[in-house]
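S.K.: my questions concern the predicted model and sequence given below.
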Amino acid sequence: MAVLPIVKHPDKRLESKCKKVEVFDKKLAKLLDDMYDTMIEADGVGLAAPQIGKNIQVAIVDVDDESGTIELINPELIGSNGKDTDIEGCLSFPGVYGEVERPTFVKVQAQDRLGRWCVIEAEDYMARAILHEMDHLEGVLFTSKVSRYVTEEELEGYEAE
């Protein structure tokens, strides 16, 4: 496996709508494995293909709970409800944090590394992470949804709660 360089803002590749994945092969499996290693090395909970310079609809999320790693290929939001505002950050925006409102529940249809369709239901932090990564695949950056930026000092106080 390999740790890949993370694309940082203001790189325009982060603002492009990604192409659908049509080939499910060993190259895709290796990419997913490399994305996982990259995300873990960077201490993230999600990573989307444009963040490593790939213009394809691939993202992974792992919030370190019993769900394990969720691989999202060609994901589509099929339902959501509720809303909550919480702090988000992004590996492509080091040191930038802000409050973002998102649904508290999502239902997503996506393919796995073998091309099989599945439905994923998630709540709270996992739902937030999935939507954040899905936004990347549409070229949408979390900074466009921030209602208020949070300083490092505020973030430290927030984490202590």
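M.R.: Happy to help now that I have it.
S.K.: okay, which residue is most central for the chain?
M.R.: Glu133 (2.3 Å; CA atoms, centre = their mean).
S.K.: quick one: contacts of the longest helix along the chain?
M.R.: When the chain is parsed with DSSP state H, its longest helix is helix 26-41. Helix 26-41 has contacts (CB atoms under 8 Å, 6 or more residues apart in numbering) with 1-4, 6, 21, 45-47, 49, 52, 54, 58, 60, 62, 69, 71, 73, 91, 113. Using the backbone N, CA and C atoms, a C-beta is placed for each residue, glycine as well.
S.K.: what's the neighbour count on Pro75?
M.R.: For Pro75, the neighbour count with other CB atoms under 10 Å is 22.
S.K.: for Val61, see how far away it is.
M.R.: With distances taken as CB to CB, to the nearest Å, Pro75 is found 10 Å from Val61.
S.K.: roughly how far out does the longest strand seen in the chain sit from the chain middle?
M.R.: Criterion DSSP state E: the longest strand present in the chain is strand 70-81. Centroid displacement of strand 70-81 relative to its chain, using CA atoms, centre = their mean, to the nearest Å, is 11 Å.
S.K.: that one pairs with which strands, parallel or anti?
M.R.: Paired neighbours of strand 70-81 in the sheet (DSSP bridges): strand 58-61 (antiparallel), strand 105-111 (antiparallel).
S.K.: what do Pro75 and Val61 both touch?
M.R.: Common neighbours of Pro75 and Val61 (CB under 8 Å, 6+ apart) are Ile130.
S.K.: residue ranges for the strands of the chain, please.
M.R.: Counting by DSSP E, the strands of the chain are 46-48, 58-61, 70-81, 84-90, 93-102, 105-111, 117-123, 146-150.
S.K.: return the set of buried residues in the fourth one.
M.R.: Using 16 or more other CB atoms under 10 Å as the test for burial, strand 84-90 gives 87-90.
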